[in-house]
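Visitor: mind folding the following:
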Amino acid sequence: MAAKQEDKPPLLALVGPTATGKSDLALVVAQQIKAEIICADSAQIYRRLDIGTAKPTAREQGLAPHHLFDLVDPDCSFSAASYQKAATAAIDAIQQRGRLPILVGGTGLYFQTVTDAYAFGSEGKDQNVRDHLYREAEEKGLQTLYRQLTENDPAAAVKIHPNDRRRIIRALEFITMEGRPISEQVIQTKKNDQPYNLIVFGLSMPRPELYRRIEKRVDQMLQRGFLEEVKALLKAGYAPGCPGLNILGYRQLTAYLSGEMGWEETVEEIKKQTRRLAKRQMTWFRRDPRIIWLEIKDKEELSAPAEIICRQVKEKLAVQANNII
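Guide: Coordinates of the predicted model:
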């Protein structure tokens, strides 16, 4: 017999588009209850990517326990399956300490791999195959590999830029190991078997206000040294196009430093792509009927939404919450 929802381990989540103040609100909530924060942001898992990912500062992370930030180096790939494993372990450890885990971020796939217990098939990985493909790209050119991908998996090829070395090689590696196109890899969920007693809040705001915040935040990141952060990564030997430098903002600034774009064009491109990201994130999360939406009107005034969250956590997580509120 399946466990009743209220008998499952409790989990709180804060999701929504970028620049809505999820990290700030999570910190306020975590300090009001016995809670620990878990990153659900595919950019903030990278070490040395701080300013451009709006990662919580060392001071902020010292105010409440934070997990899965600074998890991997910028030149390392990190799959959704790997995230699920790391996040599940963090959640279990936090719950064993008698505290409430708070999953915080805007990466919808990360959120769903955990809350919907996605079951992943083989990842189709092999370091020797990958190394061979990288050598082939150097010797024959990346376009040769892209043509191979187009012939063997046209559905994947149309979604991958011809200059995206990492994704082209990953797709060919999967084909080599699995004998089938990576576009056919289907993530299957365990229907009606959610592992947690979940309560999830989504943060939203009127689109004009959100876009204004995005533009202001990009300007602030640049003032705080975003470009210098990218220069430091390149100086440390991280190649343009590696996973970390392929992230929004880092990709555009790398192109600027290589002379591919002018400064004003670069800044506007970062803002434009961030607006598009926010729109995609909202579209993703709006499909989830479990989410309780809160409209954030003033990022500086978080006591009201924090109070709503803490009250509903106590009500919906019932007896479990009595130990943490």
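Visitor: quick check: which element contains Leu103?
Guide: Using DSSP states H and E, Leu103 sits in strand 100-104.
Visitor: next structured bit after the helix ranked longest in the chain?
Guide: In the chain, taking DSSP state H as the definition, the longest helix is helix 263-286. Going down the chain from helix 263-286, the next helix or strand is strand 291-295, by DSSP H and E.
Visitor: packing partners of that following strand?
Guide: strand 197-204, helix 303-316 (3 or more CB pairs under 8 Å, 6 or more residues apart in numbering; DSSP states H and E). Yep, even glycine has a C-beta here, placed from its N, CA and C like the rest.
Visitor: the helix or strand that the shortest one is followed by vs strand 291-295, what angle?
Guide: To tie it back to what came earlier, the one meant is strand 197-204. Next helix or strand after strand 197-204 toward the C-terminus (DSSP H and E): helix 207-223. Following axes from the mean of the first three to the mean of the last three CA atoms, to 10 degrees, one obtains 80 degrees for the angle between helix 207-223 and strand 291-295.
Visitor: give the buried residues for the helix or strand following helix 207-223.
Guide: For helix 207-223, the succeeding helix or strand toward the C-terminus, using DSSP H and E, is helix 226-235. Using 16 or more other CB atoms under 10 Å as the test for burial, helix 226-235 gives 226-227, 229-230, 233-234.
Visitor: what does the next helix or strand after helix 226-235 contact?
Guide: Downstream of helix 226-235, the next assigned helix or strand under DSSP H and E is helix 250-257. Residues outside helix 250-257 that contact it (CB atoms under 8 Å, 6 or more residues apart in numbering): 49, 52, 226-227, 230-231, 233-234, 240, 244-245, 261-263, 266, 269-270, 273.
Visitor: for the spatially closest residue to Gln273 that is not a sequence neighbour, give me its contacts.
Guide: Nearest non-adjacent residue to Gln273, counting by CB to CB, 6 or more residues apart in numbering: Leu248, 5.5 Å away. Counting by CB under 8 Å, 6+ apart, Leu248 makes contact with 43, 270, 273-274, 277.
Visitor: top of those by number of neighbours, please.
Guide: Within the contacts of Leu248, most neighbours by other CB atoms under 10 Å means Ile270, with 25 neighbours.
Visitor: now it: how far from Met261?
Guide: According to CB to CB, to the nearest Å, Ile270 stands 10 Å off from Met261.
Visitor: picking that back up, which one of the buried residues of helix 226-235 is nearest to Pro65?
Guide: Nearest to Pro65 among the buried residues of helix 226-235, counting by CB to CB, is Glu229 at 25.1 Å.
Visitor: quick one: Gly98 is in a helix?
Guide: No - read with DSSP: H, G, I helix; E, B strand; the rest coil, Gly98 is coil and lies in no helix.
Visitor: and the pLDDT for it?
Guide: At Gly98, the pLDDT value in this model is 93.
Visitor: out of the buried residues of helix 226-235, which is nearest to Glu184?
Guide: Using CB to CB, these come closest to Glu184 at Leu233, 34.7 Å.
Visitor: relative to Arg212, how far out is Ala278?
Guide: 12 Å.
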